[in-house]
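Trainee: Next come a sequence and a model predicted from it.
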Amino acid sequence: MILVSSCLCGEKCKYSGGDNYNEAVIAYCQDQEVLQVCPEVLGGLPIPRHPAEIVGGSAKDVLEGRARILNDQGEDVTSCFLQGAKEVLKLAKIHQIKEAILKANSPSCGKGKVYNGEFKGELVDGNGVTAELLLQSGIQVKTEKSLK
């Protein structure tokens, strides 16, 4: 079984209310059982919601309480992102997940690059909070960009 960001499978759970349907992800998962998750929704955030970015550090810093996740209105949504990451990890453990394909650049799901916290569309090296937690737990994390 493989864990996949719901938005990549066509679920309308993206912050804007849309999806990030991705043919490469669907093709990659074609012969596998898929567990779809949206960490932000699992953490209690609504659809649609304001975009959010990691501010003041990395995902590791967020997990260790040294950085926060704020939305573009300045509201602290860190607790929702942390709760969602923990729920995804719980599901991954229950289903003995070894591999995840998550949404690139997301403050939850990004791997390798995330937005810099200034809401200007600029990327920096780093992971999203859920991706970081899964990686720390030994789960292989990919994004739709690494499948191309």
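Mentor: Here it is on my side, so go on. Numbering: from 1, shown residues only.

Trainee: from the chain's centre, how far out does stretch 93-103 sit?
Mentor: 12 Å (CA atoms, centre = their mean, to the nearest Å).

Trainee: Residues touching that stretch, excluding its own?
Mentor: Outside stretch 93-103, the residues within contact range by CB atoms under 8 Å, 6 or more residues apart in numbering are 1-5, 7-8, 20, 25, 28-29, 35, 91-92, 108-111, 128, 130-131, 134, 137, 139-144, 147. For every residue, glycine as well, the C-beta is placed using N, CA and C.

Trainee: Now the spatially most central residue of the chain. Its backbone dihedrals?
Mentor: Per CA atoms, centre = their mean, the C-alpha nearest to the average position across the chain is that of residue 109, at 1.9 Å. As for residue 109, its main-chain torsions (degrees, to the nearest 10) stand at phi -110, psi -10.

Trainee: How about it: what's its closest non-neighbour residue?
Mentor: Nearest non-adjacent residue to residue 109, counting by CB to CB, 6 or more residues apart in numbering: residue 102, 3.5 Å away.

Trainee: I'd like to know how many residues surround that neighbour.
Mentor: Using other CB atoms under 10 Å, residue 102 is surrounded by 27 other residues.

Trainee: measure it to residue 29 for me?
Mentor: From residue 102 over to residue 29 the distance is 13 Å, taken as CB to CB, to the nearest Å.
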